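Undergrad: coords please:
(one chain, ligands or ions: 1)
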Amino acid sequence: MIARSIVLVVACGLAGSPNAQTQPSAATVFQNVRIFDGKGGRLSGPSHVLVRGNRIERISSAPIPADQRPDAVMIDGGGRTLMPGLIDVHWHAMLVRPTPAAAMAADIGYSNLVASAEAADTLLRGFTTVRDLGGPAFGLKRAIDEGIVAGPRILPSGAVITVTSGHGDFRQLFELPRILGGPPARMEALGASMVADSPDEVRVRVREQLMQGASQIKLTAGGGVASPHSPLDVSTFTEPELRAAVEAAENWGTYVTVHAYTPATIRRAIAAGVKCIEHGHLMDEATAKLMAQHGIWLSIQPFPDEMADVFPRGSQEWEKAQEVLAATDRAYALAKKYRLKTAFGTDILFSQALAQRQGALLAKLVRWYTPAEALVMATGTNAQLLAMSGKRNPYPGKLGVVEEGALADLLLVDGNPIEDIKLVEDPAKNFVLIMKDGKIYKNTLGR
Ligand SMILES: [Zn+2]
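TA: Coordinates of the predicted model:
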C-alpha cells in the first residue's frame, strides 16, 4: 500500500509566502486525465492539462513536456477525472454553523472565526466558489482572497434586505415599534439583514451593500421557512420597492435576486425587473411560462428532509418546511418542461452536519436530471449565473469550465462522476486533488 500524504496547503503557507508572490506563474501539469469540462455530457479521451499561474493555459491529447522550472508540479492523473470546481449559488458563509440564536447573539469576531473554519471545509468539499445570499461575509471574503485563510471564492450580497416582518426580520416583538432613524437592530448592526419599508429606504440599503462590495443584491420578496414572522404565502415588498432595488443595482452594473416561493410573489418580482428567483418551489404552470418568456433564472434546491428538523416539530417553521418539501417535485418538473435557466444552490443554514452533505444535495438532483446534467448545472451553468454580476464580479475570468484560458479551479476525482455521481457525496475520499485559483489545497496523490 502506497503511503498517502494529505497536503492541505492552508493559504497562509502558500500565497502568504514571499516565494509564492515573487513567482506568480508557477506551473502544474496534470498528466493523463479524462476531462469533464462543465459543459458537455461526456468525458474527454486521455488528456494533459497545463495550469500556469491561476489559469488553464493548455489542454492537449499529447503529453505536455515537463516544465523546466524547478517549482513545476507534475500530477500523474492515472486516468482519473479532472473537472471544474463545484459552485453553490445559494450559500450563507456566515450562517452555516451557528444556530439562529448564536448568529444573533455571538461576538462577531467569534462568528468570523467559525465561518472561516467552515469556509475551509467548504473548499475541501470541492466547492471552489459560492454566491453568498445574505450575511456579513465581506471580511471573510477579503481574508480568503488575500490568502490569509482558506476558503472558496465568495460573491457576496451583503445583508439581505427585507421588510418589517419579512423573511430575514429576526427581531423580537419587544423590539417594536421600529423608529425611523433610530439605532439599528442587532441583525442590522451585524450586517446580516436590513429592514426597508419604502422605495427610498430600499435604495439606501441597496447602495450600502454595493458600497461594501456586493456583487449582486438579495431581497426577500415573500415569506420564508426559517423566519419567525412571515407566513409562506405572503408577498412582502411592493412592486415600487422592488423596482427601486432593481434600479439601484442596475445603475451599478449588477442585478437583483429575490427569495420568492409563490406565483404572486414571483410575478411581482418579474414585473419589477428582478432577474433571478431563489427557491420558487411553489410556482405554478403560468408562472413557469412567464419566467421562461422573460429569461428569468431559477435558483432552486432539493432541500434535505432533515431541514425541517432544525425547527421544533409542529412549529410554524416546521410546517412551512413540510409545504416546501412537498412542492419540490413539481417545481423541478416545471423547470424542465419550460427549460428554465436553472441553477443549483443548497441554502444550508444553521447546521454543520447538513453542510457536510453539500455534495449529497447535489447528487440528489438525479431524481430529475442525469448525473451529467446535474454536474453541468453545478459548474458551467452556475457560472453563467455568476457572470450576471458583470463588472461587479470580483473574479473576472471564466469559472465552472475546463478550457484554455479559464480560471484554474479544478478537482481530480478518483472515478467517473458522470457514471457514478455518488462520488461527490464523499469528497474526502474521492476528490484526491483540489485546486483553486491555480493553488493546490489538497493532494492525496503524493508528488
Ligand atoms: Zn438563503
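Undergrad: number of nearby residues for the closest residue to the ion within the chain?
TA: Closest residue of the chain to the ion, C-beta to the ion: Asp347 (4.2 Å). Backbone N, C-alpha and C define where each C-beta goes, glycine included. Applying other C-beta atoms under 10 Å, we find 23 residues neighbouring Asp347.
Undergrad: same question for Ser198.
TA: 14.
Undergrad: for Leu362, see how far away Pro417 is.
TA: With distances taken as C-beta to C-beta, to the nearest Å, Pro417 is found 10 Å from Leu362.
Undergrad: common neighbours of these two, please.
TA: Common contacts of Pro417 and Leu362 (C-beta atoms under 8 Å, 6 or more residues apart in numbering): 375, 424.
Undergrad: who has more neighbours out of the two?
TA: Each of Pro417 and Leu362 has its neighbours counted (other C-beta under 10 Å); Leu362 has more, 28 against 24.
Undergrad: and the helix or strand containing the more buried one, what does it pack onto?
TA: Assigning secondary structure by DSSP states H and E places Leu362 in helix 358-363. On a contact count with 3 or more C-beta pairs under 8 Å, 6 or more residues apart in numbering; DSSP states H and E, helix 358-363 meets strand 86-91, helix 371-376.
Undergrad: show me what whichever helix or strand Glu118 is part of is packed up against.
TA: Using DSSP H and E, Glu118 falls within helix 108-124. Here helix 108-124 touches helix 138-145, helix 352-355, strand 431-436, strand 439-443, going by 3+ C-beta pairs under 8 Å, 6+ apart.
Undergrad: send the alpha carbons of that helix over as CSV?
TA: Only the C-alpha atoms of helix 108-124 are listed here, as CSV (Å, rounded to 0.1, in the frame of the first residue of the first chain):
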residue,chain,number,x,y,z
ILE,A,108,-18.8,39.0,15.6
GLY,A,109,-15.1,38.1,15.9
TYR,A,110,-16.0,34.7,17.1
SER,A,111,-18.6,34.3,14.3
ASN,A,112,-16.0,35.2,11.7
LEU,A,113,-13.6,32.5,13.1
VAL,A,114,-16.4,29.9,13.0
ALA,A,115,-17.2,30.9,9.4
SER,A,116,-13.6,30.8,8.4
ALA,A,117,-13.4,27.2,9.7
GLU,A,118,-16.5,26.3,7.7
ALA,A,119,-15.1,28.1,4.6
ALA,A,120,-12.0,25.8,4.7
ASP,A,121,-14.3,22.8,5.0
THR,A,122,-16.4,24.1,2.1
LEU,A,123,-13.4,24.3,-0.1
LEU,A,124,-12.3,20.8,0.8
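Undergrad: just the angle between that helix and strand 431-436, please?
TA: Using axes from the mean of the first three to the mean of the last three C-alpha atoms, to 10 degrees, one finds that helix 108-124 and strand 431-436 are set 120 degrees apart in direction.
Undergrad: sorry, back to before: output the helix holding Leu362 as CSV, restricted to C-alpha atoms.
TA: Extracted in CSV, the C-alpha atoms of helix 358-363 (Å, rounded to 0.1, in the frame of the first residue of the first chain):
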residue,chain,number,x,y,z
GLN,A,358,-23.4,19.7,0.5
GLY,A,359,-22.3,17.3,-2.2
ALA,A,360,-25.0,14.8,-1.3
LEU,A,361,-27.6,17.5,-2.1
LEU,A,362,-26.1,17.9,-5.5
ALA,A,363,-26.2,14.2,-6.1
